[in-house]
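**Student:** Model the structure of this input:
(chains A, B, C and D, ligands or ions: 6)
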Amino acid sequence: MKKLINKPEDVVREELEGMALAFPDMIKVHFDPNFVYRADAPVKGKVAVISGGGSGHEPMHGGFVGVGMLDAACPGQVFTSPTPDQMLEATKMVDGGAGVLHIVKNYSGDIMNFEMAADMARSEGIRVLSVIIDDDVAVKDSLYTQGRRGVGTTVLAEKICGAAAEKGYDLKKLADLCRKVNINGRSMGMALTPCTVPMAGKPTFTLGEDEMEIGIGIHGEPGRERMKLKTADEITEMLALSIIEDPPYRRTMREWDEAKEEWVDVTLEDPPFKAGDQVLAFVNSMGGTPVIELPIVYRKLHQVCEKKGLKIVRNLIGPYITSLEMQGCSITLLKMDDELIKLWDAPVKTPGLRWGM
Amino acid sequence: MKKLINKPEDVVREELEGMALAFPDMIKVHFDPNFVYRADAPVKGKVAVISGGGSGHEPMHGGFVGVGMLDAACPGQVFTSPTPDQMLEATKMVDGGAGVLHIVKNYSGDIMNFEMAADMARSEGIRVLSVIIDDDVAVKDSLYTQGRRGVGTTVLAEKICGAAAEKGYDLKKLADLCRKVNINGRSMGMALTPCTVPMAGKPTFTLGEDEMEIGIGIHGEPGRERMKLKTADEITEMLALSIIEDPPYRRTMREWDEAKEEWVDVTLEDPPFKAGDQVLAFVNSMGGTPVIELPIVYRKLHQVCEKKGLKIVRNLIGPYITSLEMQGCSITLLKMDDELIKLWDAPVKTPGLRWGM
Amino acid sequence: MPITTDDVIEFLHRAADMLHENKEYLTELDSAIGDADHGINMDRGFQTILKKLPTVEDKDAGTILKTSGMALVSSVGGAGGPLYGTAFMQAGMAVAGKYELTAEDLLAALDAALKGVMMRGKSKPGEKTMIDAIDPAVTAMREALEKGATTLQALEQATIAAEQGMKNTIPMIAMKGRASYLGERSIGHQDPGATSSYLLIRLMTEMAREKQ
Amino acid sequence: MPITTDDVIEFLHRAADMLHENKEYLTELDSAIGDADHGINMDRGFQTILKKLPTVEDKDAGTILKTSGMALVSSVGGAGGPLYGTAFMQAGMAVAGKYELTAEDLLAALDAALKGVMMRGKSKPGEKTMIDAIDPAVTAMREALEKGATTLQALEQATIAAEQGMKNTIPMIAMKGRASYLGERSIGHQDPGATSSYLLIRLMTEMAREKQ
Ligand SMILES: Nc1ncnc2c1ncn2[C@@H]1O[C@H](COP(=O)(O)OP(=O)(O)O)[C@@H](O)[C@H]1O
Ligand SMILES: Nc1ncnc2c1ncn2[C@@H]1O[C@H](COP(=O)(O)OP(=O)(O)O)[C@@H](O)[C@H]1O
Ligand SMILES: [Mg+2]
Ligand SMILES: [Mg+2]
Ligand SMILES: [Mg+2]
Ligand SMILES: [Mg+2]
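**Tutor:** Ligands and ions are numbered 1, 2, ... in the order given. Next comes the predicted model:
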């Protein structure tokens, strides 16, 4: 294992220390329990937005803390969900009195830990709503699995909800917005090479010299198909068509009902893409992909969208939700409307995403 | 070779096509000869800043074209200097009547091709000055080699000179500023893994499972020493001390003398770093390094600078001058003063670097 | 012979040692159908329990178990943390205030643990999880006690059932947790969580046998 | 027998073929001490020359050579592009306006090419570059002509000298170009640029021999 690290068990703590030293104007870092939070938290009267998950996907989530995006992020060990005390302490730290939105990726670990944290925070008198992101079309059924994984759309939801919170959306409206982003965003990824979790010391999976994995998850979860290497154009077309032609997806998720004061099952359905839709196109690097290759993927994605009648009105290209040094990419398409475009364009100032300020 | 590309010979063209599709508000791309230029070029009355070099180092240089940074960038084939006609046409395209500054990295190919281009542009009546960046302390002598290679300081010079041009610096003053950035900036890099040029199809060099190359160049040029893998802290300390303790470096470079109307030899000397200096600390990813590892390097760099009495007043962390999928990092320290800090903080809007707008 | 709080504390110490010894084994199982960390997770969690124990050594069994559950929740993360954490916390609630536990108390605690895992994981038997070891164990113990068995006899039945339940996960298709993404490919592998649950139940039985 | 513009054009065609055949070989040499592209570069450059030739076929030798040089400059890049490009452009300037070239004209063209490379590369003999093949060739040709040799004889001397110069680069330490970063480690490898220069000079000689 070749890595720029010291001891494997110190990776997350040392990364957080480095972030704190590098970006003191944007973020602060709390240790034991670990979380990253806005340097100016709590922002009074503003709904706070929190996310979190296993480390190894940087800049997500810690790199997205700052004005116009997250108020706090809770990093677990590499590829391991954080623990509820992290989310609880982060929630208490950033609550500005208007409640806290938890943006949770759909992994059993994340769901359970965030659920416990939300229960604890509510028992301490803080309003918390949670919205789950499950956008990975590589997972086809929700009946026999945990359902679709949360991937690229998470980054977009964090940016958009962060901007909305900044503009004064209340907690209810913000949760609705987040749900809207989730059902309108879909992703699929692929890997050319695996990655190695520092504590494990060996690759999470192996691929032959001429093989790739299509539909891979961000922890190296198996995808739809392992197949012979193809060209960038063919790969991009496969990913893009899987997303664009994905049929309506229906699943039941547990959400907190503030009126009933209990967790209730909510059924949601993704509306399919259709010609004429305006979209945000997000080409994400898995972390180890040469920068030069991303525009090559974007180029073909643009062509496929055009052919399918989708108009790309915004884009994002780069390593934003990564899997350590994995080579490969994922594509996310998010159907946009005027509200989402305005929120996307709003200023953001975080270590990992910045414009307008 | 596993890459997200189509045909190896189409990589550069397709990347440029993707960039043009993705960032039409910031850049335009000219083909045959190939160059990227500001969407609003030429900016009348502003000195234009141009750079260029082999591809494979993205986002440098094409990703740095836009308001507050470069007016044009000329990409060669992967790891191959561009040809003079690219620089000539780019120079003609972006000249706003106030002259053009060529920022050239110190590789024999880049120097010769830019020199020819400058001669041609001048013969067509355009004022051109060239400044060479040679900041790689891994190269110790300048007597028996081409001299120090141009690496990380190039990114900083492009940002700072771009801001100065925007603020109205004239050509002479801008060249002086660029020279000042160059003699005050020093870098050193290292690699854990090699990279593969698409057209070559196999890695440019090989490293054992427990080996790394210290002092490597951005094309995989051999460094100071091939050694056993060390911890991130040890590696960072080695790079940082090589930079901080580098003795005054003296070299002779060819520059255009506008009064004499000929190329003349100019001798420059880098002033060494000393306790009390304010610096910009730049931790650069070679391209394939997991994002989580960069703050770990920054953390130690911060400690070493502190111990040596250098105060980090600004920083930049990420993949900015890469070597395809190479894993590893480079460190650049640039001594800052009020002028440089102000120019660094000025707004910039390019595909690869953006803030303040 | 009733179970004392000292027994509970001894159990936690020995469980920590046992899981430490089985760290590689559990991780190996998890690497086949999960993310290769279940042994590392359980070890980290139980080492954290050991650190917390001194603060509750003189407390009732409920407090000791709840504190252990909280230690798991706050140190393990992933799916294992909230699941085992909830199990221990619920078990603690079931025996709150008690300093001595009867066989019926033990059954109530195990049953509460099972319900806690099902609630937290939204899961049921047959989905290739730890529930497939715990659920048959609880049933076996209940049936044995109803038939007048001793604590040891009831635990021995529970262990046999847990082992069988654990082995039954091998041919199952996973429907919960990471393994579910493997679909058919999860068949043929023993579930790591069911294995750690079996090991904990077996340890209880061993201790009861020694105390005879 | 003077050298006609048809001969020059034939030379360029055959040079393109010859370099295409030697693409792997030159690239292999460059991979030892450079960046493994010299063969690819030369091949790309001479294919570009072929594309430009139809526009100048009826022009003077100077124009043909200058056009070829410009084709190299605008298609090769790297160090090889400006160096060979300058060499051809300077050679063209030396025979500007001529439709027939004498042995002396050829010498003047080769000498101008050498000076062009030295000027462009700020280099001199002994630095392990193409100059180490061209410089001895020019000297040998000049001396042969001064002694009254025929064109073919002079070229044969030049080829022998170029080959020796190329081989002499093997024990040298590189002091220019990428290879210079290797320092001592550049010893023991033949310079790719010196090799391509030798091959081009040898081709001239072969053609002269055939035309006899
Ligand atoms: N929803 C669930 N309900 C019950 N048990 C589950 C559930 N999800 C996972 N498990 C159990 O957790 C085990 C994995 O635990 P562990 O590896 O520690 O966590 P993670 O999957 O987050 O890495 C599985 O083997 C399975 O027994
Ligand atoms: N400064 C120089 N002067 C003369 N020849 C040089 C110089 N630098 C490089 N060369 C020649 O160029 C050759 C390499 O050419 P090539 O591989 O095409 O370019 P690059 O080095 O840019 O990849 C070397 O083998 C050497 O003969
Ligand atoms: Mg895990
Ligand atoms: Mg080259
Ligand atoms: Mg696991
Ligand atoms: Mg070369």
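
**Student:** What residue in chain C comes nearest to ligand 3?
**Tutor:** C:Gly78 (3.7 Å; Cβ to the ion). Bear in mind the C-beta positions are built from the backbone N, C-alpha and C, glycine included.

**Student:** which residues of the stretch 101-250 of chain A fall in strands?
**Tutor:** Assigned by DSSP state E, counting those that start in this stretch, the strands in the stretch 101-250 of chain A fall at A:128-133, A:185-191, A:211-214, A:225-228, A:249-257.

**Student:** Check A:Ile183 and give its pLDDT.
**Tutor:** What the model reports as pLDDT for A:Ile183 is 98.

**Student:** Oh, that last question was meant for C:Arg185, not what I typed.
**Tutor:** If you check C:Arg185, the pLDDT there is 87.

**Student:** Which residue, neighbours along the chain excluded, lies closest to it?
**Tutor:** Nearest non-adjacent residue to C:Arg185, counting by Cβ to Cβ, 6 or more residues apart in numbering or on different chains: A:Pro222, 7.0 Å away.

**Student:** cool, C:Thr150 as well?
**Tutor:** C:Ala103 (7.5 Å).

**Student:** ok, the one you found touching C:Leu152?
**Tutor:** No - if you go by Cβ atoms under 8 Å, C:Ala103 and C:Leu152 don't touch, sitting 9.1 Å apart.

**Student:** follow-up on the earlier one: the residue nearest to C:Thr150: how many residues sit nearby?
**Tutor:** Around C:Ala103 there are 20 other residues, counting by other Cβ atoms under 10 Å in any protein chain shown.

**Student:** ok, it to D:Thr205 distance?
**Tutor:** C:Ala103 is 105 Å from D:Thr205, where distance means Cβ to Cβ, to the nearest Å.

**Student:** quick revisit: can you count the residues close to the residue nearest to C:Arg185?
**Tutor:** Look at A:Pro222: counted by other Cβ under 10 Å, it has 17 neighbours.

**Student:** Show me what from chain A comes close to ligand 3.
**Tutor:** Neighbours of ligand 3 within chain A, by Cβ under 5 Å from the ion: A:Thr80.

**Student:** Which residue is the nearest non-sequential neighbour of the residue nearest in space to the middle of chain A?
**Tutor:** With distances taken as Cα atoms, centre = their mean, A:Thr154 lies nearest the centre of chain A, 2.7 Å away. Excluding the flanking residues, the one nearest A:Thr154 by Cβ to Cβ, 6+ apart is A:Ile133, at 4.7 Å.

**Student:** How about the contacts made by that neighbour?
**Tutor:** With contacts defined as Cβ atoms under 8 Å, 6 or more residues apart in numbering or on different chains, A:Ile133 is in contact with A:Ile103, A:Val104, A:Lys105, A:Asn106, A:Gly150, A:Val151, A:Thr153, A:Thr154, A:Ala157, A:Asn182, A:Gly185.

**Student:** before we move on, what about C:Ser197?
**Tutor:** By Cβ under 8 Å, 6+ apart, the neighbours of C:Ser197 are C:Met130, C:Ala133, C:Ile134, C:Ala137, C:Ala162, C:Met166.

**Student:** Then C:Phe88?
**Tutor:** C:Leu65, C:Lys66, C:Ser68, C:Gly69, C:Leu72, C:Ala113.

**Student:** picking up where we left off before, which of the contacts of A:Ile133 lies closest to A:Thr80?
**Tutor:** A:Thr80 lies nearest to A:Lys105 out of the contacts of A:Ile133, by Cβ to Cβ, at 12.8 Å.

**Student:** Share the number of residues neighbouring the closest one, please.
**Tutor:** A:Lys105 has 29 neighbouring residues, counting by other Cβ under 10 Å.

**Student:** What score does it have for pLDDT?
**Tutor:** If you check A:Lys105, the pLDDT there is 98.

**Student:** Please apply the same query to A:Gly162.
**Tutor:** Looking at A:Gly162, its pLDDT is 98.

**Student:** what do you get for C:Lys51?
**Tutor:** 97.

**Student:** just to revisit the earlier point, what pLDDT does the residue nearest to C:Thr150 get?
**Tutor:** 95.

**Student:** Check C:Ser180 too.
**Tutor:** Looking at C:Ser180, its pLDDT stands at 88.

**Student:** With A:Gly220 as the reference, measure out to whatever residue of chain C ends up closest to ligand 6.
**Tutor:** Distances between chain C and ligand 6 by Cβ to the ion are smallest at C:Ala36, namely 44.1 Å. Distance of C:Ala36 to A:Gly220, given as Cβ to Cβ: 10 Å.

**Student:** Any chance you could list residues touching both of these two?
**Tutor:** Joint contacts of C:Ala36 and A:Gly220 (Cβ under 8 Å, 6+ apart) are A:Thr204.

**Student:** At the contact with ligand 1, which residues of chain C appear?
**Tutor:** For chain C, the residues found near ligand 1 under the criterion Cβ under 6 Å from any ligand atom are C:30, C:34-35, C:37-38, C:41, C:78-80, C:83, C:117, C:121, C:123, C:129-131, C:176-178, C:191-194.

**Student:** wait, what's in contact with the residue of the stretch 51-200 of chain A found nearest ligand 2?
**Tutor:** Of all residues in the stretch 51-200 of chain A, the one sitting closest to ligand 2 is A:Leu192 (27.4 Å; Cβ to the nearest ligand atom). Shown in contact with A:Leu192 (Cβ under 8 Å, 6+ apart): A:Leu207, A:Met212, A:Leu229, A:Thr289, A:Gln327, A:Gly328, B:Lys2, B:Lys3, B:Leu4.
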